[in-house]
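A.B. asks: Have a look at this fold, sequence not included:
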């Protein structure tokens, strides 16, 4: 089985869900938004701080 992502306008979601049910397809709820992923990064400590632009570039080069 192959998975793929389909972006559908909000007003068409009911139609797509009905079609999927009739075809026997399974649907997962939406993926995390970029904001949700960013908040997860903060919670998990995957953030970096720089005192200045020069400090940022030094961190990037390391």
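C.D. replies: Received it, and whenever you're ready, just let me know what you need. Keep in mind it's a predicted model, so treat the numbers as computed, not measured. Numbering: from 1, shown residues only.
A.B. asks: contacts and neighbour counts: CA atoms only from here.
C.D. replies: Noted.
A.B. asks: now the helices for this protein?
C.D. replies: 13-23, 34-44, 53-61 (DSSP state H).
A.B. asks: In JSON lines: those helices, plus mean pLDDT, distance to residue 1 and mean neighbour count.
C.D. replies: Below are the helices of the chain laid out as JSON lines (pLDDT from 0 to 100; distance: least, C-alpha to C-alpha, whole Å; neighbours: other C-alpha atoms under 10 Å):
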{"stretch": "helix 13-23", "mean pLDDT": "90", "distance to residue 1": "14", "mean neighbour count": "11"}
{"stretch": "helix 34-44", "mean pLDDT": "94", "distance to residue 1": "26", "mean neighbour count": "11"}
{"stretch": "helix 53-61", "mean pLDDT": "93", "distance to residue 1": "40", "mean neighbour count": "10"}
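A.B. asks: Would you format those as a markdown table with distance to residue 6 included?
C.D. replies: Output for the helices of the chain, formatted as a markdown table (distance: least, C-alpha to C-alpha, whole Å):
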| stretch | distance to residue 6 |
| --- | --- |
| helix 13-23 | 10 |
| helix 34-44 | 17 |
| helix 53-61 | 35 |
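A.B. asks: Among those helices, which comes closest to residue 3?
C.D. replies: helix 13-23 (13.6 Å; C-alpha to C-alpha).
A.B. asks: what sits up against that closest one?
C.D. replies: Outside helix 13-23, the residues within contact range by C-alpha atoms under 8 Å, 6 or more residues apart in numbering are 26-27.
A.B. asks: Then stretch 50-59?
C.D. replies: Outside of stretch 50-59, the residues within contact range by C-alpha under 8 Å, 6+ apart are residue 49.
A.B. asks: roughly how far out does that stretch sit from the chain middle?
C.D. replies: Centroid separation for stretch 50-59 versus its chain: 28 Å, with C-alpha atoms, centre = their mean, to the nearest Å.
A.B. asks: per-residue confidence at residue 3?
C.D. replies: Per-residue confidence at residue 3 stands at 79 (pLDDT).
A.B. asks: Can you pull the phi and psi angles for it?
C.D. replies: Note on residue 3: backbone dihedrals following degrees, to the nearest 10 are phi -100, psi 150.
A.B. asks: circling back: looking at the helices of the chain, which is nearest to residue 4?
C.D. replies: Comparing the helices of the chain under C-alpha to C-alpha, the one sitting nearest is helix 13-23, at 13.4 Å.
A.B. asks: This completes my enquiry, with thanks.
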